[in-house]
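Trainee: this one's structure only:
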């Protein structure tokens with residue numbers, strides 16, 4: 001259920017000093033919102049031709065390039081954007097996620113950190129840096145970011161799930177509290193199959209086979225394709241052994 005939050009940019013018209021540039025941006029936004037990215041790029045390029053310092057034209061065009069996976073062009077526009085405004089959140093964020101898509105994690109972390117300096121509580125930025133840390137095998141820092149994300153966006157079940165999941169990878173002391181994260185994820189989304197599976201697995205490690213069986217069978221009912229049959233059989237076997245004793 002891993003979801004990468006690639007973009008979350010509000011594409012809105014911008015009232016610049018040039019009405020012509022503004023007209024091009026508005027047309028670009030209209031095409032962009034219809035996912036006609038190449039058409040949008042054409043309009044943003046015309047806007048830049050009129051106003052070479054238009055931050056919005058550069059950021060929107062970079063976003064369109066990113067959507068087309070034209071990463072070289074997206075990076076070039078982000079660099080132009082940062083040349084105009086070194087602390088620009090959008091420029092650093094877009095560079096960060098672009099480098100992350102290319103598995104260039106040190107650069108991704110560098111720019112996502114800069115983006116967080118501009119907007120410390122932006123959930124998408126924190127989420128992407130967490131995954132950049134995770135993919136670069138810095139699991140402890142990844143977990144720190146995911147814990148922060150839970151504080152920033154406590155109503156997002158997915159963040160609680162990954163917080164619990166990553167605790168298991170970081171160490172036993174962290175894993176002891178993972179049950180709280182899985183339970184919270186389920187409270188927020190009672191159809192969260194992966195959370196039921198992981199909480200069931202947690203209960204198995206604690207010898208609470210009755211609770212494990214309940215979670216695992218619930219996961220199976222929600223999604224019959226989920227591969228937990230062996231865990232269900234193991235939980236049933238352990239319960240039978242307990243009853244036999």
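Mentor: Happy to help now that I have it. Small disclaimer: the values here were computed from a predicted structure and weren't measured. Residues are numbered from 1 along each chain as shown.

Trainee: every contact and neighbour count from this point should use C-alpha atoms.
Mentor: Noted.

Trainee: doesn't residue 25 make contact with residue 43?
Mentor: Yes - under the criterion of CA atoms under 8 Å, residue 43 makes contact with residue 25 at 6.4 Å.

Trainee: give me the more crowded residue out of the two.
Mentor: residue 25 (33 against 25; other CA atoms under 10 Å).

Trainee: so which bits of the strand or helix carrying that one are buried?
Mentor: Here residue 25 sits within helix 19-33, counting by DSSP states H and E. By neighbour count on 16 or more other CA atoms under 10 Å, the buried set for helix 19-33 is 21, 22, 23, 24, 25, 26, 27, 28, 29, 30, 31, 32.

Trainee: and for stretch 85-95?
Mentor: Buried residues in stretch 85-95, counting neighbours by 16+ other CA under 10 Å, are found at 88, 89, 90, 91, 92, 93, 94, 95.

Trainee: now, which of the residues you listed sits nearest residue 168?
Mentor: For the buried residues of stretch 85-95, the minimum distance to residue 168 (CA to CA) is 28.7 Å, reached by residue 93.

Trainee: verify the stated contact: the closest one with residue 115.
Mentor: Yes - if you go by CA under 8 Å, residue 93 and residue 115 touch, sitting 5.4 Å apart.

Trainee: give me the common contacts of the two.
Mentor: residue 125 (CA atoms under 8 Å, 6 or more residues apart in numbering).

Trainee: related to what we said a few turns ago, just the buried residues of stretch 85-95 now: which is nearest residue 157?
Mentor: Among the buried residues of stretch 85-95, and counting by CA to CA, the member closest to residue 157 is residue 93, at 23.3 Å.

Trainee: dihedrals phi and psi, the closest one?
Mentor: The phi/psi pair for residue 93 (degrees, to the nearest 10) reads phi -60, psi -50.

Trainee: what residue spans form the domains of this structure?
Mentor: Per automatic domain parsing, the domain ranges recorded for the chain read 1-68, 86-153, 158-245.
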